[in-house]
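Undergrad: Test case, fold it:
(2 chains)
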Amino acid sequence: MSALLPIVIEALAFRPCGAAVIDGLSATIATPGITAIVGPNGAGKSVTLRLLDGLLVPDGGSIRFGTRQAADVRRAMVFQRPALIRASVHDNVALALAAEGLARREAAARVGAALERVGLARRSREAARRLSGGEQQRLALARALVTEPELILLDEPTANLDPGATDVIEGIVAGLAQAGVKVILVSHNLGQVARLAGDVLVLAGGRAVEHGPARSVLTSPRTPEARAYLNGELPWTRFAAAS
Amino acid sequence: MRMLQALADAFAMIGALDRDVLSIVGLSLRVSLAAVALGCLVGLPAGALLAIARFPGRDAVVAALNALMGLPPVVVGLVIYLLLSRSGILGPLGLLFTPAAMILAQTVLVTPLIAALARGILEDSERELGEQLRSLRLSPWHRARTLLFDARFSLVVAVLAAFGRAVSEVGAVLVVGGNIAGSTRTMTTAISLETQKGDLPLALALGLVLMTLVLAVNLAAGLVRGHAMRAYG
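TA: As a prediction, the model looks like this:
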């Protein structure tokens, strides 16, 4: 199988109802491991993730995954709030395999392995919506993992979790990256970005304003937009106005 | 006094499991439950697909479906009568004045109701789960099935509303069934007829059974739904 990387985003545009949410975004994600996308609210981070997943169709520009056709890339997305159906933990994970038409035994084995990976194997018969917030997010991760993705897109997966649950999720995500899965993570938690990410893409106003190794972007950002965001300077809008 | 005596007689008929009462109640339940089952087979998938589909003219389809919830039963009865009458296109089936004709008429009445209520319930579910289901690359049909499954406890409301409409309507079954004793006489048509004849005990007995049935079904469904919601969140 040919390589997934580099992921080349070129002049990407997304303008629902005429308003530019993504406005000429270009970036090349060439390194394996975890890429973090950061930026202020409204910068277009979550929309970029949805465009990468194929949930949204861009109005302009392109996304290329190495030499692969986008449709052939096994992708999975985990949302900020896990959307779980009113069924058991097992059935929520099995739902992700529905499109694959696997034999029941094979599907059960894969679901079991995915739940094992996130530490929920013993809870498989419980009602999914009765789990705690952290457990629900681990379940959402298991549902993403069961499809054996090459690329996993995480949209603020720990935004609503306490430090303990966050730590567990971060451990799973780091393990995924070590296992060779490419991870793109949207996060406002800069500590988390520093702990996990190899490279950081900073977005502002629907465009990429800086992209580089995590350490250099986080400690010595080159652009004023990235510097202002990382230093927590407000109001952010002064840069938008200036540009 | 006459009223009280009629009420006492009605209770006595119910207590004695009067054959006429049982036969009429049995037929009413068979017709209405069959109509609701058929209505669910068509209405639930239709409502689910409409909840997830986005196409030009969708708003008009939704508005039309909502309007069909208020179909006048007697008009539905008339249309089914014309279709099933000897000169109608379904005339050769010989269904007029049979329970099958009554089931058909009630199915036409309840299907839009089930579809419209299901569409509303499932649209809420779609807002919550739709993006996730699309991200899992599920086909539209599979997404519709998943939404139906997820909202199964809420959809009980739609099914109950349909059952209530079917079991309590009189116009459609009267026109296509003919209110033939022992064959097509339902609780509502019998109540109407017996009241006109002055046989108040039978009318009241049937009325009491009808009310009790509707209340009991709603109560049972509410309990089951509450328990299931607590179990699954």
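Undergrad: Which residues of chain B lie near chain A?
TA: By CB under 8 Å from any CB of the partner chain, the residues of chain B that approach chain A are B:128-129, B:131-139, B:142, B:146, B:149-150, B:152-153, B:231-233. C-beta here means a position set from N, CA and C on the backbone, and glycine is covered the same way.
Undergrad: burial measure for the residue in chain B that chain A sits nearest to, as a count.
TA: Here chain B gets closest to chain A at one residue, residue B:233, 2.8 Å apart by CB to the nearest CB. By other CB atoms under 10 Å in any protein chain shown, the residues close to residue B:233 number 13.
Undergrad: Leaving out the residues flanking it, which one is nearest to it?
TA: Spatial nearest neighbour of residue B:233, chain neighbours left out: residue A:129 (2.8 Å); criterion: CB to CB, 6 or more residues apart in numbering or on different chains.
Undergrad: burial of that neighbour, as a residue count?
TA: Neighbours of residue A:129 using other CB under 10 Å come to 18.
Undergrad: can you check residue A:116 too?
TA: By the criterion of other CB under 10 Å, residue A:116 has 13 neighbours.
Undergrad: Against residue A:85, how distant is it?
TA: As judged by CB to CB, to the nearest Å, residue A:116 and residue A:85 stand 21 Å apart.
Undergrad: Need the residues that contact stretch A:62-79.
TA: Stretch A:62-79 is contacted from outside by A:2-12, A:49-55, A:96, A:137, A:140-141, A:143-145, A:147-155, A:157, B:131-132, B:135, using CB atoms under 8 Å, 6 or more residues apart in numbering or on different chains.
Undergrad: Among those, name the buried ones.
TA: Buried by 16 or more other CB atoms under 10 Å in any protein chain shown: A:4-5, A:7, A:9, A:12, A:49-55, A:96, A:137, A:140-141, A:143-145, A:147, A:149-155, A:157, B:131-132, B:135, out of these.
Undergrad: Am I right that the residue nearest to residue B:233 is in contact with residue A:84?
TA: Yes. In this structure, residue A:129 is within contact of residue A:84 by CB atoms under 8 Å, at 5.6 Å.
Undergrad: intersection of neighbour lists for the two?
TA: residue A:136.
Undergrad: so where do the strands sit in chain A?
TA: A:7-14, A:22-29, A:34-38, A:60-65, A:75-78, A:151-155, A:182-186, A:199-204, A:207-213 (DSSP state E).
Undergrad: Could you point out which of the ones you listed sits nearest residue B:186?
TA: strand A:75-78 (53.0 Å; CB to CB).
Undergrad: partners of that closest one in the sheet?
TA: Counting by DSSP bridges, the strands paired with strand A:75-78 are strand A:151-155 (parallel).
Undergrad: Return the residues in contact with the residue of chain A found nearest chain B.
TA: Nearest residue of chain A to chain B: residue A:129, at 2.8 Å (CB to the nearest CB). Neighbouring residues of residue A:129 by CB under 8 Å, 6+ apart: A:84, A:86, A:136, B:232, B:233.
Undergrad: Skipping its backbone neighbours, what lies nearest the fourth one in space?
TA: The shortest distance from residue B:232 to any residue other than its chain neighbours is 4.0 Å, reached at residue A:86 (CB to CB, 6+ apart).
Undergrad: quick one: contacts for the one you found?
TA: Residue A:86 neighbours (CB under 8 Å, 6+ apart): A:127, A:128, A:129, B:149, B:150, B:152, B:153, B:232, B:233.
Undergrad: got the contact list for the first one?
TA: When contacts are counted by CB under 8 Å, 6+ apart, residue A:127 touches A:86, A:87, A:88, A:89, B:231, B:232, B:233.
Undergrad: By neighbours, which of those residues wins?
TA: Result: residue A:89 is most packed of the contacts of residue A:127 (other CB under 10 Å), 28 neighbours.
Undergrad: From residue A:147, how far off is that residue?
TA: 17 Å.
Undergrad: and what of residue B:64?
TA: 39 Å.
Undergrad: show me where pLDDT drops low in chain A?
TA: A:1-2, A:234-243 (pLDDT under 70).
Undergrad: near chain B, which residues of it show up?
TA: So far as CB under 8 Å from any CB goes, chain A lies against chain B at A:50, A:53, A:55, A:76-77, A:79, A:83, A:85-87, A:95-96, A:98-99, A:127-130, A:143, A:147.
Undergrad: one more time with 10 Å
TA: Within chain A, the residues that sit near chain B (CB under 10 Å from any CB of the partner chain) are A:50, A:53-56, A:71, A:74-79, A:81-88, A:91, A:95-100, A:127-131, A:136, A:140, A:143-144, A:147, A:153.
Undergrad: that's a strand at residue B:185, yeah?
TA: No. With DSSP: H, G, I helix; E, B strand; the rest coil as the criterion, residue B:185 is assigned coil and is not in a strand.
Undergrad: List the buried residues of stretch B:66-83.
TA: Buried, per 16+ other CB under 10 Å, within stretch B:66-83: B:66, B:68, B:69, B:71, B:73, B:76, B:77, B:78, B:79, B:80, B:81, B:83.
Undergrad: Show me the contact partners of the longest helix seen in chain A.
TA: Using DSSP state H, we find that the single longest helix of chain A is helix A:163-178. By CB atoms under 10 Å, 6 or more residues apart in numbering or on different chains, the residues outside helix A:163-178 that reach it are A:32-35, A:78, A:117-119, A:132-138, A:140-142, A:144-145, A:149, A:152, A:154, A:157-161, A:181-183, A:185, A:189, A:191-192, A:195-198.
Undergrad: among those, which ones are buried?
TA: A:32-35, A:78, A:117-118, A:134-138, A:140-142, A:144-145, A:149, A:152, A:154, A:157-158, A:161, A:181-183, A:185, A:189, A:192, A:196-197.
Undergrad: picking up where we left off before, just the buried subset of the residues of chain B next to chain A, please.
TA: B:129, B:131-138, B:146, B:149-150, B:152-153, B:232.
Undergrad: now, among the residues you listed, which is nearest to residue B:10?
TA: Nearest member of those to residue B:10, counting by CB to CB, is residue B:153, at 35.8 Å.
Undergrad: ok so, going back, quick check: the farthest pair among the buried ones among the residues of chain B next to chain A?
TA: B:137 and B:153 (26.9 Å).
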